[in-house]
Each structure stands twice: as C-alpha cells, then as structure tokens.
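In: Kindly return the folded structure for what I paste below:
(one chain, ligands or ions: 1)
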Amino acid sequence: MFKRTRSLLALSMAVTLSLPSMPVMANSLNLPDIGTAASGTLTIDQENQYGDAYMRMLRNRAPIINDPVLNEYIDSLGHRLVANADDVKTPFTFFMIRDRNINAFAFFGGYVAIHSGLFLHAQNESELASVMAHEIAHVTQRHLARSMEDQARRTPATIAALAGSLLLAIAAPEAGIAALTAATAGNMQGQINYTRSNEKEADRFGIATLSKAGFDVSAMPTFFGRLADEYRYASTPPPMLLTHPLPQDRVTDTRLRAQNYPHVRVPESFDYHLAKARIVARYANIKPESALDWFNRTEKKSSPAIKATFQYGRALVLLDERKFDQAQPILEALYKQDKNNHFYLDALADLYIGLDQPQKAVDMLSKALEAAPSNPVLMINYANTLLAQEKTEQAVRVLQRYSHDNPNDINGWHLLSDAYTKLGQSDEELAARAEILALKANWNKAIQYYTQASQLAELGSLKQARYDARIDQLMIQRDRFMALQ
Ligand SMILES: [Zn+2]
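Out: Model prediction:
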C-alpha cells in the first residue's frame, strides 16, 4: 500500500508559495468587503476556524493514530509544556501521525502533530519535549499567520485567499503532490514558510518553556545536533529539516542558550518509554520478531529504571499475536506493580477479552474508574469490555457519556455505532456514523445519514427533533467550512 509520508505543512505551504497565479478572489468577484479578509491580518477566531477545518481534513487523509493510551500520553506531555509557555491564546490539541519520517508540525488553532518516527528517534522525553516546545512556540508566536500576512502584503492575494488555498491544497492532494515536487526541486530554503528568525525565535521560546516545565534544556541542542549530524550528507533529509531548517548556527545557538539555564538532572520518564514501546510494538510497521528483537537489544543498553517498559513491549507483541498464555504472566506481573497504570490496564483488558474472561477486565476497570470516573482510557476500555460481554445497553450508556465528553474521538463513535447495530437501532447507528463523517468534513454524507435517521424516527418524537436540530447545525458548519476555502 502506498503510504503518504509528506509533511502536510510542507505540502500546503509549497502550494501557497506558488502564488503568482493565485486568483484574487474577493476583488475579481466584486464581493463586499467584510473587513477582516482585506485587513491583512487573521484574527485568533479565524485561526481557530482554519485549524478546525484542517483537523477534519487530516482525519480524512492522514494516518492519525487513534490510540487512547498514546493520546493520553502525548496530550499530557503537550499540556505540561503549554502550561509553561508564554503568549498562549489558543487551545492546543496534540496528536500522532503514523509515519516513520522524523517530523512534527503545527498549524492554526493550536493543532500540533507528532510523527511516530520522531518519537522513535528521540532518546528520552526531554528530547521529544524539545521538539514539541519548539512547535508550541511557532503557534504562540503566530509564525504561520505572520508569514501569511507577509505574503499577503507582497502579493495581490488577500490573507483569506491565502489561508483558503492551504485548505484547498489539502482538499486536492494531486495538486499538492505536483507542487511539492516542484518545490523540492527548487531551493527549499526559499520555499518554506518559516524564516530563520522564526526558527530561532521558536528555539528561544521553546527552551524557556522546557526549562519552566522541568525538562532538561540540553536535550534541544543534543537532539538537533544528532539530527544535523545524521542527515548532513543525506540526499533525502527528514521532512522536519525541510520545514524547520537546521543550520549549524541553530545547534550552536541552542547549546549556548541551554548553558544559561541551571543544570537539572531529570530522571528517565517511565511513561515516555512505555509509549515508545507501544509504538514499536504496534505502529512502527515492523514484523513482530523485529519488534521483539528491538526490545531485547535496547533493554541491554538501558537503565534498570526502565526495564519494565521492555517487558510491556514484548507482552504487547505477544498479545497482538494472540499468544495469550505468554502475554498473561508478564502483564499481570506488571499490573501488580502499578494498578493505576493505563498502559497496563489497556493491554490487560484486551488480554482478558481475548481469553474470553471479560468479567476480569470489568472488575479491574471498575476499580480504576472509582479513582478516575471519567478518564477516557478507562471509559473506552470499559465500554469495549461491556460490548464483549454482550451487555450492549450498558455499553451504550457508557459510550453516550464518553462521546458527550470526547466528541472529537472517532473511537467512541465507532463503538457506539457498533453497539446500536447490535441493538438493531438503525436510526441511532446512522447518527453515530454521521458524527464520524462530520469529523472528517464529509458534511453532505453526514447530513444525509441524519436525514435518514430522522425519517426512521417516530414522527414528532423527541429523537426526531434531536436529529433535525443536528441537521441544522451541520448545515451551518458545512457552509462555514466551505466559505473558508
Ligand atoms: Zn520550526
């Protein structure tokens, strides 16, 4: 299967920058000037709208890792950094893309993507955090918006047209591929969006954030230096170096800057290594035996403090191979060491379902839920286990609450639609599937599904009113979305 490996931002910016032929939409159509578009700046509200639109398109086109445990990890790491960043004006959303290329990128509305390849390449949590802190700074310092504002001044296009072209670039991947090829053939340094001064500013803010959040600031120059060394003579450097050029002076600058901070010894992050083990076992596109080999080899070089993370990795491989008898003693021993560890709980729940002992999973998860009643990892595993037990109506109640609290999580809607299928409630099944479609900007189909649901519902019922109200909302959202392009 062909795998998309391009950086979205590189792709979309390359298209934007081939601007000369850009139609000057607002002027040529003589549309009334609504103010914001022509003023040459993007409001934060507009940035958020563009961010939301991007995210919906990405869900449709990028191999996003919808893994509750990894999402929880990356979200908590990201928000620990955001809490220590300056000038935060947007909410932040962190997510992972399954892609071996080393890359991370940020776009409007505080959406920050981390490639699984970056995660694997980092050697500790501070290194991963240093790249994330850098991306967070691109957002808080509004580098993307500012670069578009600059372009809007230099070209006849309005800023709205520029931002819209980003959306179009994602909507029409064929155009994106052509533009990217042309751009890589040319001087990439001149084509990309972030300037050298943007990069240095992101490093400077990023390192301050790292320090405040209690990470090892020397991780930034270490990671950048290793990247620069490894790819100095490579004919195809990783996408991150294309969107964030890394000349030697950036490595030197961050090294000097790091020396101004007090040296702190940061203990190994156990969760980071568990997350890494999970990626190696499940998302690295390698054979089970290669993953096992990686765990064995890496364990030998690692500190005793993280030994258990390799056991976890091996257990996951065995679990996914359905070698339950081998996975069970490892996972149960790990669970005994830490009964609130979500990595362990999630794997053990799958194991018990696989062994056809779902009640064990229910008992274990109920206990954990007492301490954290609405935790997404626990709730979705709980619902999944109830479904395995054929306790479908109970599962629906859990999933309704889950999807209410986590409306952007596709996993919840998938399980909910499965549950309604089992119950034979076609209208609710259609409604849940419509929510997935809307999250992927497939507005018309989402509206169509809700229309069918409404027709199936009893005439004049509360349910029908709910479906109809949702149709109205989706129509408004669709029109707003279309207006952005
Ligand atoms: Zn950068």
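
In: Could you pick out the longest helix of the chain?
Out: If you go by DSSP state H, the chain has its longest helix at helix 462-484.

In: Which residues does that helix contact?
Out: Outside of helix 462-484, the residues that reach it under the criterion Cβ atoms under 8 Å, 6 or more residues apart in numbering are 49-50, 53, 56, 163-164, 167, 427, 431, 434, 438, 441, 443-444, 446-447, 450-451, 453-454, 457-458. C-beta here means a position set from N, CA and C on the backbone, and glycine is covered the same way.

In: Of the residues you listed, grab the buried ones for PyMOL.
Out: Applying 16 or more other Cβ atoms under 10 Å to those leaves a buried subset, and the PyMOL line that selects it is:
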select buried, resi 49+50+53+56+163+164+167+427+431+434+438+441+443+446+447+450+453+454+457
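
In: so where do the strands sit in the stretch 1-150 of the chain?
Out: Taking DSSP state E, counting those that start in this stretch to define them, one finds strands in the stretch 1-150 of the chain at 93-97, 104-107, 111-115.

In: related to what we said a few turns ago, just the buried residues of the longest helix of the chain, please?
Out: Residues of helix 462-484 classed as buried: Lys463, Gln464, Tyr467, Arg470, Ile471, Leu474, Gln477, Arg478, Phe481, Leu484 (neighbour count, 16+ other Cβ under 10 Å).

In: can you list the strands of the stretch 1-150 of the chain in a markdown table and add mean pLDDT, mean neighbour count and distance to Asp150?
Out: Conversion of these to a markdown table gives the following (pLDDT from 0 to 100; neighbours: other Cβ atoms under 10 Å; distance: least, Cβ to Cβ, whole Å):
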| stretch | mean pLDDT | mean neighbour count | distance to Asp150 |
| --- | --- | --- | --- |
| strand 93-97 | 95 | 22 | 26 |
| strand 104-107 | 86 | 24 | 17 |
| strand 111-115 | 92 | 24 | 22 |
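
In: Of all the ones you listed, which one is nearest the ion?
Out: Using Cβ to the ion as the criterion, the shortest distance between the ion and the strands of the stretch 1-150 of the chain is 8.3 Å, found for strand 104-107.

In: strands paired with that closest one, and their directions?
Out: Using DSSP bridges, strand 104-107 pairs in its sheet with strand 111-115 (antiparallel).

In: can you tell me if the strand it pairs with touches the ion.
Out: No: contact between strand 111-115 and the ion is absent, the nearest approach being 11.5 Å (criterion: Cβ under 5 Å from the ion).

In: now the angle between strand 93-97 and that strand, please.
Out: Using axes from the mean of the first three to the mean of the last three Cα atoms, to 10 degrees, the direction of strand 111-115 lies 30 degrees away from that of strand 93-97.

In: What's the local residue count around Glu149?
Out: Counted by other Cβ atoms under 10 Å, the residues lying close to Glu149 total 16.

In: Report the contact partners of the closest residue to His143 other than its chain neighbours.
Out: The shortest distance from His143 to any residue other than its chain neighbours is 4.5 Å, reached at Asn198 (Cβ to Cβ, 6 or more residues apart in numbering). In this structure, Asn198 makes contact with His138, Gln141, His143, Arg146, Ser147, judged by Cβ under 8 Å, 6+ apart.

In: Just the ones of these in helices?
Out: Within the contacts of Asn198, residues falling in helices by DSSP H are His138, His143, Arg146, Ser147.

In: Please tell me which one of those residues counts the most neighbours.
Out: Ranked by neighbour count under the definition other Cβ under 10 Å, these are headed by His138 with 27 neighbours.

In: I'd guessed that residue sits against Tyr194; true?
Out: Yes: shown here, His138 and Tyr194 form a contact pair, counting by Cβ atoms under 8 Å, at 7.0 Å.

In: Just to check, Ser322 is in contact with Gly354?
Out: Small correction: residue 322 is Arg, not Ser. Yes: shown here, Arg322 and Gly354 form a contact pair, counting by Cβ under 8 Å, at 6.4 Å.

In: before we move on, back to that, if we look at the ion, which of the contacts of helix 462-484 are close to it?
Out: Among those, none lies close to the ion by the criterion of Cβ under 5 Å from the ion.

In: Now do the same for the closest residue to the ion within the stretch 251-400 of the chain: its pLDDT.
Out: Across the stretch 251-400 of the chain, no residue is closer to the ion than Thr254, which sits at 11.9 Å (Cβ to the ion). Note for Thr254: predicted pLDDT of 91.

In: Grab the nearest non-local neighbour of it.
Out: In space, Thr254 comes closest to Pro221 once its chain neighbours are excluded; the distance is 4.3 Å by Cβ to Cβ, 6+ apart.

In: any residue of the helix or strand hosting the one you found up close to the ion?
Out: Assigned by DSSP states H and E, Pro221 belongs to helix 219-231. No: applying Cβ under 5 Å from the ion, one finds helix 219-231 out of contact with the ion, separated by at least 10.6 Å.

In: thinking again about what came up before, please tabulate the contacts of Asn198 in JSON lines and include distance to the ion and pLDDT as additional columns.
Out: Compiled in JSON lines, those are given as follows (distance: Cβ to the ion, whole Å; pLDDT from 0 to 100):
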{"residue": "His138", "distance to the ion": "6", "pLDDT": "92"}
{"residue": "Gln141", "distance to the ion": "10", "pLDDT": "92"}
{"residue": "His143", "distance to the ion": "8", "pLDDT": "87"}
{"residue": "Arg146", "distance to the ion": "13", "pLDDT": "83"}
{"residue": "Ser147", "distance to the ion": "11", "pLDDT": "80"}
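
In: And these, which two are furthest apart?
Out: The distance between the two most remote of the contacts of Asn198 (Cβ to Cβ) is 10.9 Å, for Gln141 and Ser147.

In: Many thanks, we can stop here.
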